[in-house]
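[1] Next come a sequence and a model predicted from it.
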Amino acid sequence: QLQLVESGGGLVQPGGSLRLSCAASGFTLGSYAIGWFRQAPGKEREGVLCISSSGRSTNYANSVKGRFTISRDNAKNTVYLQMNSLKPEDTAVYYCAARRHYYCSEYEYDYWGQGTQVTVSS
């Protein structure tokens, strides 16, 4: 069964950090582009960052530039989203998704995880 599982979400104070993980099972992430998306209450889902199969990252959200980074460890079949200097407006459910293609896109993803909640609040 092909599956993506996110972990690492939780409650953090403004200015804090979290690292989200996206682990794949049933398939090898190495030849997929992987994207991180988020959806805040009452808002549409938005793309955050994507990493190509070669490790090149693409940013889709100006609000996270300089604060969030994406990386991948193909040996562990896992992609990470490092989030620093978190703000209350980063509060959302974060999803990872796999695109059956080497290159990133904000659209056309084939597999999605179930999401992990990130809450930034004092």
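    Alright, I've got the coordinates. Numbers count the residues shown, from 1 in each chain.

[2] how close does the most centrally placed residue in the chain get to Gly115?
    Centroid-nearest residue in the chain, with Cα atoms, centre = their mean: Trp36, separated by 2.6 Å. Taking Cβ to Cβ, to the nearest Å as the criterion, Trp36 is separated from Gly115 by 11 Å. All C-beta spots, glycine's among them, are computed from the backbone N, C-alpha and C.

[3] you'd agree the residue nearest to the centre of the chain is in a strand?
    Yes. Trp36 sits within a strand when classified using DSSP: H, G, I helix; E, B strand; the rest coil.

[4] Using neighbour counts, pick out the buried residues of the lowest-mean-pLDDT helix or strand in the chain.
    The helix or strand of the chain with the poorest confidence is strand 57-59; it has a mean of 94 (mean pLDDT, DSSP states H and E). By 16 or more other Cβ atoms under 10 Å, the buried positions in strand 57-59 come out as 58-59.

[5] So in that sheet, which strands flank it, and in what orientation?
    Note on strand 57-59: by DSSP bridges, its sheet partners are strand 46-51 (antiparallel).

[6] related to what we said a few turns ago, quickly list what's touching both of Trp36 and Gly115.
    Residues touching both Trp36 and Gly115 (Cβ atoms under 8 Å, 6 or more residues apart in numbering): 94-95.

[7] My read is that Thr58 contacts Lys65, right?
    No. The criterion here is Cβ atoms under 8 Å, and Thr58 misses it with Lys65 at 11.6 Å.

[8] Quick one: the strands in the protein, in order.
    Applying DSSP state E to the chain gives strands spanning 3-7, 10-12, 18-25, 33-39, 46-51, 57-59, 68-73, 78-83, 92-99, 111-112, 116-120.

[9] just to revisit the earlier point, my guess is the residue nearest to the centre of the chain contacts Leu20. True?
    Yes. If you go by Cβ under 8 Å, Trp36 and Leu20 touch, sitting 7.2 Å apart.
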